Each structure stands twice: as C-alpha cells, then as structure tokens.
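A.B. asks: need a structure here:
(one chain, ligands or ions: 2)
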Amino acid sequence: MVAWQAVLRGLLPARCGGCGAIGDVPHALCADCWSALHFVAAPFCACCGYPFELMPPEMLSPDYEDNDEESDLNHHADIFGGATKARSQHFNGVDYGKGVLCGPCLRHIPPYDRARAALIYDDGSRDYILRYKHGDRTDLTPLLARWMWQAGQDYWENASLLVPVPLHRSRLLMRRYNQSGLLAAALSRQTGIAFAPDLITRKRKTRSLAGLGRASRQREVQGAFAVSDRRATHYRLDGAKVVLVDDVLTTGATAAACARALKRAGAMQVDLVTIARVKR
Ligand SMILES: [Zn+2]
Ligand SMILES: [Zn+2]
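C.D. replies: Numbering: from 1, shown residues only. Ligands and ions are numbered 1, 2, ... in the order given. Alright, predicted model coming up:
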C-alpha cells in the first residue's frame, strides 16, 4: 500500500469486512456479521480437526471404513497421544477423547499430521474471507491471525517454522499479495516462530480442485510444489516441525501436496492452520 492510500484509509470510517457496511465496527466486523460466524469447536478429529458435530452420520458409522488400505497410525499415535482405531469412541458421543480420529482420516491418513481451522466456511464467513482474499482488505490480517493462533494453540510450543502455501506467480501478480504469507508473517510475530515465506515453490498453476474425486485431486497437485535443497538448508528444515499456513481448507489436496514436499525435504512434522474449512 502506498503512503497516500494509508493516509486516506486512516481518515475513512471503518468498514465491515463482511457486509461492507460503514460504521461502528471495532473488530473489522459489524455485530450482524460477527454473530453469523461459526467458530470450530471441540470435539473434533485429532488429525483433520473436523468437528464431529458437523460430520455426516455415515462418516461416524462403524461401517464407514472399508479397510482397503492399511493406515500407518504409529507416527500419528505419538502426536495425538495414542490415537486408536476405536471408532466406537466417537460414536453416539460416548467419549470424545483427544486421540479420536474421524472415519475419513482412519481410511486415508493425510500426509499432514494435524489440521486446525478457526472458522467453518459457510454463508456466515464466505464474504468476509473472499473480501480478505480478493478485496484488498489486508487490514483484516491481525484479527484473522489472532483467530488462527487460537485455533492452532496446540502447535506453538513445539513448532520451528511457519510456512505459507505459495501462490503461483501469475496469481500473485494479479492479487499483489499472498494472503497466506501475510497470515504466516503475522503468526510469526505473535509466536516468535521463524517465518519461511519462500520455502515452498509453486511450480505450476493448478485447476480448481472442487468437484474432483480424491484420485484426480491428487493427480492435479502432483509435482505442483517443490522445496529446493538450498532453501531446505537455509531454513534448517531437517527434523523441523512445520506449521503450514493457508486460507481455506477445501479438499485438503493442496495442503497434502505441500506436506509431502516438506517431508521429502526433511521436515519431521507438518501441521496445517487455516482461517476456515469447508463443510463436508
Ligand atoms: Zn457486516
Ligand atoms: Zn479427521
């Protein structure tokens, strides 16, 4: 932002990041928009962070898992404090213990270790997030980062690097800023954890992954992200616990591809934090 814009913005009355209304919006949101937000609340899956409350019944059903793949839960069990395959634990609300995983995670354990989001991406948060992404509302960064800090509270004690999911060069030129980079930088200031903005490189643009099946999504992001040896050395990635930062968790395929690239280059653990996540 150039100086005169900053001056102008300071003189203008605050504008709600959700509906755009001008007025008394102390937290960059008017009261109506604020009350429409749905924050992710426990209990949720220890791995992907999806709230059990919003999980479609078939995902909680004991029949959901079809055992077509052997999931390697050993590594994850350490992180979650002994996650087991006891799905019955989170069925009928019996015991929402810390290490309980959802059906989809039991079936295909994601390449990232944990995912946490501040908000549910729905009618209440969509406009707010789109304005942030495309509407030049970079002034919303501190508030969003504070929510993400809260959502990722289990991460900060042990994390060693904050890494944004990169935009492709052409998108960066169009938008002028990478919102994930702004959020990761803000989280780095809040936590003191090192910020590694250019650790991951986006080698090519990917199509929208919405509506694609699991296999097609994976194909689409295959090889789209890379971590060079030089950067891995520079940021001391070997054995690092990385927190990957993105705006919205949609299918998880992008985060998965980034996590794979980071782990191939030496990361020991990759956790994801986003502003919001879509409903399944
Ligand atoms: Zn509003
Ligand atoms: Zn899960």
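A.B. asks: quick one, phi psi at L249?
C.D. replies: Note on L249: its backbone torsions stand at phi -90, psi 110 [degrees, to the nearest 10].
A.B. asks: how deep is it tucked in, by neighbour count?
C.D. replies: 23 (other CB atoms under 10 Å). (C-beta placed from N, C-alpha, C; glycine too.)
A.B. asks: tell me the bridge partners for the residue lying closest to it once chain neighbours are set aside.
C.D. replies: Among residues not flanking L249 along the chain, R277 sits closest, at 4.0 Å (CB to CB, 6 or more residues apart in numbering). As for beta bridges, R277 partners with I120, L249 under DSSP bridges.
A.B. asks: which ones are touching R277?
C.D. replies: Taking CB atoms under 8 Å, 6 or more residues apart in numbering, we find R277 in contact with V40, G49, Y50, A115, A117, L119, I120, Y121, V248, L249, T250.
A.B. asks: same check, this time on V227
C.D. replies: V227 touches L199, I200, T201, L237, A261, L262, R264, A265, counting by CB under 8 Å, 6+ apart.
A.B. asks: with neighbour count, secondary structure and distance to ligand 1 as added columns, please give those residues in a markdown table.
C.D. replies: Below are those laid out as a markdown table (neighbours: other CB atoms under 10 Å; DSSP: H, G, I helix; E, B strand; the rest coil; distance: CB to the ion, whole Å):
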| residue | neighbour count | secondary structure | distance to ligand 1 |
| --- | --- | --- | --- |
| L199 | 26 | coil | 36 |
| I200 | 24 | coil | 34 |
| T201 | 15 | strand | 37 |
| L237 | 23 | coil | 41 |
| A261 | 23 | helix | 38 |
| L262 | 26 | helix | 37 |
| R264 | 12 | helix | 43 |
| A265 | 21 | coil | 42 |
